[in-house]
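*Asks:* Everything below, folded, please.
(4 chains)
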Protein chains: 2
Amino acid sequence: MSCALDWFGDRWTLLVIRDLMLGATRFKDFAASPEGIPTNILSDRLARLVEGGLVEKVPAGPGGKRFIYQLTEKGRALKPVVLAIRDWGLAWEPGTKVLLP
Amino acid sequence: MSCALDWFGDRWTLLVIRDLMLGATRFKDFAASPEGIPTNILSDRLARLVEGGLVEKVPAGPGGKRFIYQLTEKGRALKPVVLAIRDWGLAWEPGTKVLLP
DNA sequence: CAAGAAGCTTGTGTTTTGCAAGTAAAAATG
DNA sequence: CATTTTTACTTGCAAAACACAAGCTTCTTG
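*Replies:* So this is what the prediction gives:
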């Protein structure tokens, strides 16, 4: 558990991963999330996730120099974690609603 | 998810909850965990967990003034989260071993 | 090709953390 | 019952992380 928390044991990383699961691919997608992650934190977290092999950058277009972010298999394997946290929040935090079906 | 992470979206809280699930009840039990949580952080996290209703303090003995910590139902409901994180770590972090069966 | 948007980076001040040390009360010991 | 030891914290301080705002290059688009 401690090793796992080295990667996502903070306030923002799991929200970025949730956004990726919901289909976010570009920098502004994450920045536009309702929680309002600061852009320097977002930069740092994306870089850490790429370094850890949970996320990969792939070219956005054929000849372009832009990239999109997407989960690797290692990152997608976090879906049970995200769902478990969501379910706990729905059950125990009053007034929460579902975003990820 | 964001509301849930308000409670345990940090480096230490989930490790404290894991220790509670493994049977830790007293301050020194948590402090003795292999990760070596600083005692001021431990104090703060226990207080936050009690405040949030995830953990309760109950008298340790009949006439004593000491307390033990134990999970409430709300806290025990985090077991799927803890297990999901453990499973991810076992699957994707090389060299990790199981502590919580 | 000018104007705007996307995708970051930098700077600054505040908050949180990690580590060491200290303290007061309870429990164990002689 | 006096003394030591353990327990359960709190305090102080340096270092790291964070939030917020601003700036700065590419890209796209009219």
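*Asks:* in chain A, which spans are helices?
*Replies:* For chain A, the helices defined by DSSP state H occupy A:2-8, A:13-21, A:27-31, A:39-51, A:73-76, A:79-92.
*Asks:* Mean neighbour count and mean pLDDT for these - can I get that in JSON lines?
*Replies:* No exception for glycine: its C-beta is placed from N, CA and C like everyone else's. What follows is those, written out as JSON lines (neighbours: other Cβ atoms under 10 Å in any protein chain shown; pLDDT from 0 to 100):
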{"stretch": "helix A:2-8", "mean neighbour count": "20", "mean pLDDT": "92"}
{"stretch": "helix A:13-21", "mean neighbour count": "23", "mean pLDDT": "95"}
{"stretch": "helix A:27-31", "mean neighbour count": "16", "mean pLDDT": "93"}
{"stretch": "helix A:39-51", "mean neighbour count": "15", "mean pLDDT": "94"}
{"stretch": "helix A:73-76", "mean neighbour count": "16", "mean pLDDT": "96"}
{"stretch": "helix A:79-92", "mean neighbour count": "18", "mean pLDDT": "95"}
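*Asks:* who touches stretch A:82-99?
*Replies:* For stretch A:82-99, contacts defined as Cβ atoms under 8 Å, 6 or more residues apart in numbering or on different chains pick out A:14, A:17-18, A:21-22, A:100, B:1, B:3-5, B:74, B:77-78, B:80-81, B:83-84.
*Asks:* Just the C-alpha atoms of it, please, in PDB.
*Replies:* Extracted as PDB, the C-alpha positions of stretch A:82-99 are listed here (Å, rounded to 0.1, in the frame of the first residue of the first chain):
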ATOM      1  CA  VAL A  82     -11.400   4.900  -8.200                       C
ATOM      2  CA  LEU A  83     -14.700   3.100  -8.100                       C
ATOM      3  CA  ALA A  84     -14.200   2.100  -4.500                       C
ATOM      4  CA  ILE A  85     -13.500   5.700  -3.500                       C
ATOM      5  CA  ARG A  86     -16.500   6.900  -5.500                       C
ATOM      6  CA  ASP A  87     -18.800   4.400  -3.800                       C
ATOM      7  CA  TRP A  88     -17.600   5.300  -0.400                       C
ATOM      8  CA  GLY A  89     -18.200   9.000  -1.100                       C
ATOM      9  CA  LEU A  90     -21.600   8.300  -2.400                       C
ATOM     10  CA  ALA A  91     -22.500   6.200   0.600                       C
ATOM     11  CA  TRP A  92     -21.000   8.300   3.400                       C
ATOM     12  CA  GLU A  93     -20.700  11.900   2.200                       C
ATOM     13  CA  PRO A  94     -24.100  13.600   2.000                       C
ATOM     14  CA  GLY A  95     -24.900  15.500  -1.100                       C
ATOM     15  CA  THR A  96     -22.500  13.800  -3.400                       C
ATOM     16  CA  LYS A  97     -23.500  12.800  -6.900                       C
ATOM     17  CA  VAL A  98     -22.100  10.400  -9.500                       C
ATOM     18  CA  LEU A  99     -19.800  11.500 -12.300                       C
END
